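Engineer: Just need the structure, nothing else, for what follows:
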Amino acid sequence: LSLLDDVEDKRNFRVPEEKAFILTTGEKIFTLDELSEAVNLIEPEEFRFHVNEQQNDFADWVRDVFGEEPLSRSLYEHPTPLRMMVSIEKFLRPARAAAS
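Structural biologist: Just a heads-up that it's a prediction; the model follows:
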């Protein structure tokens, strides 16, 4: 079940503090919009810490916190910063169009 099923603004839907994604820098991510920005802007070492052969913390967070299986699968299938950002933006695009 998706946390976002009945949410109009999926881009800016903010999870509670205890569900935030915490980067190794201590920065917290609360929204899918922030995740999109983070995967694009974080240092390569930070990205590889979270996304590597053994794990994909971003995809797991999307699945476990938001309940968004299709987006999570896409993040697993496209484990590079640019491709992950594109996957998130594609997911959020209907939300952006509806909000306009």
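Engineer: Show me the helices in this protein, by range?
Structural biologist: 32-41, 44-50, 57-61, 69-77, 81-99 (DSSP state H).
Engineer: now the ones you listed as JSON lines including distance to Val7?
Structural biologist: C-betas here are computed from N, CA, C, even on glycine. Output for the helices of the chain, formatted as JSON lines (distance: least, Cβ to Cβ, whole Å):
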{"stretch": "helix 32-41", "distance to Val7": "10"}
{"stretch": "helix 44-50", "distance to Val7": "25"}
{"stretch": "helix 57-61", "distance to Val7": "17"}
{"stretch": "helix 69-77", "distance to Val7": "14"}
{"stretch": "helix 81-99", "distance to Val7": "8"}
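Engineer: Of all the ones you listed, which one is nearest Glu8?
Structural biologist: With Cβ to Cβ, the closest approach to Glu8 among those belongs to helix 81-99: 6.5 Å.
Engineer: Tell me who's in contact with the residue lying closest to Gly67 once chain neighbours are set aside.
Structural biologist: Once flanking residues are discounted, Gly67 sits nearest to Ser2: 4.3 Å by Cβ to Cβ, 6 or more residues apart in numbering. Residues in contact with Ser2 (Cβ atoms under 8 Å, 6 or more residues apart in numbering) are 66-68.
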